[in-house]
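Participant: Build me a model from this:
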Amino acid sequence: MTQDPLNEMLEFLKPNARVDLKHVSLDHMLGLSGTEEGVETLLKNDLVIQNIIELTDDKLDEIAKTALLILVNISAHSEGASELLKYKPFNQKNLIEFLIGQILNPNKKNADAACMILCNITRLEDELEICLDAFFPHLNDIINVFVNVDFNKTGSNLNYLAPMFSNLSCSYRIRKWLTEENPHVPLIKLLPFCNYEQSHIRRGGAIGTVRNLSFDSEFHEFLLSPDLDLLTYLLTPIMGNEEYPDDEMDVLPIALQYLPKEKRRDLDVDIRKMILETLNKLCMKRKYREMLRDNGVYYVLREYHKWETDPKVRQVCENVVDILIQKEEEVGVEDLSTVEIPRDVEEKFQEQNKRLDDD
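Facilitator: Take a look at the predicted model:
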């Protein structure tokens, strides 16, 4: 049997190895982790992975950083992320517990890399429920750290916690936590980051979380409750500096009636698309369609549609407008989710989406 050449480097990956040898060995591993084939090679050697994990807490920040970056690259592959879950570093229950500890430590220089690994791991739909057992005891602490943008004292921005929350919100347990946790409802803390200009990663993660909630009609009443003011957060990124007639302006949420002349729409096409998908889902029931109309959502989308150039996003916008522009007698049903789409119409939609994908 051919011996794994990586075994020769194991001695150099131990915590007490010479610093220069650790540097060289980790740099080699980092290069390997940059390709799919290299990740497969690394995953075949459990001892190498275990040693790399141990070095993420090395006393030298540069060593710890390189080790963490290797794990970022490995976890970017679904197989790699799944494999990492089986390791138990530093006598802890699992890797997630260890990474959460790094994030909650304000003096950790490499906390951003820890955030990225957790973001990658939480994309695993099949493993998500298992991950939650490790996350739940710490969720309130994590979101408090996230909303405190100056929490980390070493320059880590922790932006990747936002898409991590978005990934977690694919679980019903997390959606319940986001909307029902007492005494402070987590979603209320997260919403302002839908408009956080300093980071599109934070904006995208916050909006992605709201979108995941909107896919579950159970939460629509909460999302559109007056106290939450969700429409202000959702509409702000897709509004420009256009002026509306007084009768249209008067029905917009108060915060949207006085936008500055320099206001520009969000340039991130994925964020705009997620907002429109959320509005589409909120149109599911008559009660909420009427709320969207009463808050001037149609007027905002009418102006937005004139500006949008991406064909896929324009299509999503048109889907929402087509619903809101109709009177309820024309819509004809209380709940759109109960409508059965004829097979020929569904096939037509699929062909249309394929054409958009090909453009």
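Participant: Break the protein into its domains for me.
Facilitator: Following the assignment in automatic domain parsing, the chain carries domains at 1-125, 214-334+347-359.
Participant: most packed of those domains?
Facilitator: Burial of the domains of the chain is given as mean neighbour count (mean count of other Cβ atoms under 10 Å); domain 1-125 ranks first at a mean of 18. Every residue, glycine included, has its C-beta placed from N, CA and C.
Participant: Low-confidence bits of the stretch 1-150 of the chain, can you list those?
Facilitator: Applying pLDDT under 70 to the stretch 1-150 of the chain picks out residues 1-3, 91.
Participant: just to revisit the earlier point, out of the domains of the chain, which is closest to A206?
Facilitator: Between A206 and these, the tightest spacing by Cβ to Cβ is seen for domain 214-334+347-359, at 8.2 Å.
Participant: Show the average pLDDT along the closest one.
Facilitator: Across domain 214-334+347-359, the average pLDDT comes to 90.
Participant: that older thread, dump the domains of the chain to TSV, plus distance to S171.
Facilitator: Below are those laid out as TSV (distance: least, Cβ to Cβ, whole Å):
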stretch	distance to S171
domain 1-125	9
domain 214-334+347-359	11
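Participant: what about those domains, which gets the closest to C170?
Facilitator: Shortest distance between C170 and the domains of the chain, using Cβ to Cβ, is found for domain 1-125: 6.6 Å.
Participant: So what's the gap between that closest one and the chain middle?
Facilitator: Domain 1-125 sits 23 Å away from the centroid of its parent chain (Cα atoms, centre = their mean, to the nearest Å).
Participant: now stretch 161-169
Facilitator: Its chain's C-alpha centre and that of stretch 161-169 lie 4 Å apart, by Cα atoms, centre = their mean.
Participant: which residues are contacting that stretch?
Facilitator: For stretch 161-169, the external contacting residues (Cβ atoms under 8 Å, 6 or more residues apart in numbering) are 103, 115, 118-119, 122-123, 128, 131-132, 135, 142-143, 145-146, 174-175, 178, 190, 193, 199, 201-206, 208-209, 211-213.
Participant: Narrow the residues you listed to those in helices?
Facilitator: If you go by DSSP state H, the contacts of stretch 161-169 have 103, 115, 118-119, 128, 131-132, 135, 142-143, 145-146, 174-175, 178, 190, 201-206, 208-209, 211-213 in helices.
Participant: L10 and L26, how far apart?
Facilitator: For L10, the distance to L26 (Cβ to Cβ, to the nearest Å) stands at 13 Å.
Participant: list residues touching both of those two?
Facilitator: Common contact partners of L10 and L26 (Cβ under 8 Å, 6+ apart): none.
Participant: what sits against K281?
Facilitator: By Cβ under 8 Å, 6+ apart, the contact list for K281 reads 211, 214-215, 217, 220.
Participant: Put together CSV for those, with distance to P260 on each row.
Facilitator: Converted to CSV, these look like this (distance: Cβ to Cβ, whole Å):
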residue, distance to P260
R211, 27
S214, 28
F215, 33
S217, 36
H220, 31
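Participant: Quick check: the farthest pair among these?
Facilitator: Within the contacts of K281, R211 and S217 form the most distant pair, 13.4 Å apart (Cβ to Cβ).
Participant: OK, contacts around M116?
Facilitator: M116 sits next to 72, 75, 160 when contact means Cβ under 8 Å, 6+ apart.
Participant: Please tell me how far the nearest residue to the second one once chain neighbours are set aside sits from K176.
Facilitator: In other words, S75. Distances taken as Cβ to Cβ, 6 or more residues apart in numbering place N120 nearest to S75, at 3.7 Å, with adjacent residues excluded. For N120, the distance to K176 equals 24 Å [Cβ to Cβ].
Participant: cool, D141 as well?
Facilitator: The gap separating D141 from K176 is 18 Å, by Cβ to Cβ.
Participant: Also E248?
Facilitator: Distance, E248 to K176, using Cβ to Cβ: 37 Å.
Participant: Same check on K285?
Facilitator: 20 Å.
Participant: Quick check: pLDDT value at the residue most central in space within the chain.
Facilitator: By Cα atoms, centre = their mean, the chain has its centre lying nearest to P163, at 2.3 Å. P163 carries a pLDDT value of 98.
Participant: where does it land in three-state SS?
Facilitator: Assigned with DSSP: H, G, I helix; E, B strand; the rest coil, P163 falls in the helix class.
Participant: CA atoms only for stretch 92-101, dumped as PDB, please.
Facilitator: What follows is stretch 92-101, C-alpha atoms only, in PDB (Å, rounded to 0.1, in the frame of the first residue of the first chain):
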ATOM      1  CA  GLN A  92     -14.900  20.100  22.900                       C
ATOM      2  CA  LYS A  93     -18.000  18.400  21.600                       C
ATOM      3  CA  ASN A  94     -17.500  19.500  18.000                       C
ATOM      4  CA  LEU A  95     -15.800  22.000  15.800                       C
ATOM      5  CA  ILE A  96     -18.900  24.300  15.900                       C
ATOM      6  CA  GLU A  97     -18.500  24.800  19.600                       C
ATOM      7  CA  PHE A  98     -14.900  25.700  19.100                       C
ATOM      8  CA  LEU A  99     -15.600  28.200  16.300                       C
ATOM      9  CA  ILE A 100     -18.400  29.900  18.300                       C
ATOM     10  CA  GLY A 101     -15.900  30.300  21.100                       C
END
